[in-house]
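[1] how would this look folded up:
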Amino acid sequence: MSSSFCLPAILNPPMTSREAVIDALYRCVTAFDSADTALFDSSFMPDGVLEINGRAMQGLPEIHTTGLALVFSVDTTHLVSNMRVHLKTGSTQAGAAEGGNEASLTATVLAQHIAGGKGMEPGQNSLMSGSLYRAELIRDMDGLWKFKHLQIKATWVQGDYSVIGGNFSEQ
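    Below you'll find the predicted structure:
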């Protein structure tokens, strides 16, 4: 499902490599907040790994049924800051243009979670988390930077775990 709050995966005018790497994370968290599967998929390689607090999901089918099913079931807002990008010069991927096709990214993310459909109701329980993100990315054949591996480590939480169905470490 796509959302009217999401721009297309490929933006115009073209971005610098650093901006395009950062945009992969923006596409991912915007997809979390808008329940936009197509936008999420534009940020991940089909065989990519999403790891949350040590729980790894391999490939888009498992990520959809396990990770996205949980995230899309709650109302969320993810705020991204402290992004750092390392472009690996001289790296190549089969079929991709020569040079600069691999990157690493780190970021800090604050995420607010409220039970699905209840976000605008007063007095709702919520769960706020502060997390560190670490990613390895590759430039795909379509020119978009996509996650090979996105690791999310919640460093603190505040609020009611029942909003997401239990403790992060148990998910």
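
[2] so how far is the lowest-mean-pLDDT helix or strand in the chain from its chain's centroid?
    Lowest on mean pLDDT, DSSP states H and E among the helices and strands of the chain sits helix 69-71, with a mean of 88. Distance of helix 69-71 from its chain centroid, counting by CA atoms, centre = their mean, to the nearest Å, is 12 Å.

[3] Give the buried residues for that helix.
    Residues of helix 69-71 classed as buried by neighbour count (16 or more other CB atoms under 10 Å): Val71. C-beta here means a position set from N, CA and C on the backbone, and glycine is covered the same way.

[4] centre of the chain versus the host helix or strand of Arg18, how much separation?
    Element membership for Arg18 (DSSP states H and E) is helix 17-34. With CA atoms, centre = their mean as the basis, helix 17-34 stands 7 Å off its chain's centre.

[5] tell me the contacts of the closest residue in space to Met83 that isn't next to it in sequence?
    For Met83, ignoring the flanking residues on the chain, the nearest one in space by CB to CB, 6 or more residues apart in numbering is Ala107 at 4.5 Å. Shown in contact with Ala107 (CB atoms under 8 Å, 6 or more residues apart in numbering): Leu25, Val80, Ser81, Asn82, Met83, Arg84, Leu132, Tyr133.

[6] can you rerun that using 10 Å?
    22, 25-26, 29, 80-85, 131-135, 152 (CB atoms under 10 Å, 6 or more residues apart in numbering).

[7] Weed out the non-buried ones from the residues you listed.
    Counted by 16+ other CB under 10 Å, the contacts of Ala107 give Ile22, Leu25, Tyr26, Val29, Val80, Met83, Val85, Ser131, Tyr133, Ala135, Ile152 as buried.

[8] returning to what we had before: how about the helix holding Arg18: buried residues?
    18, 20-34.
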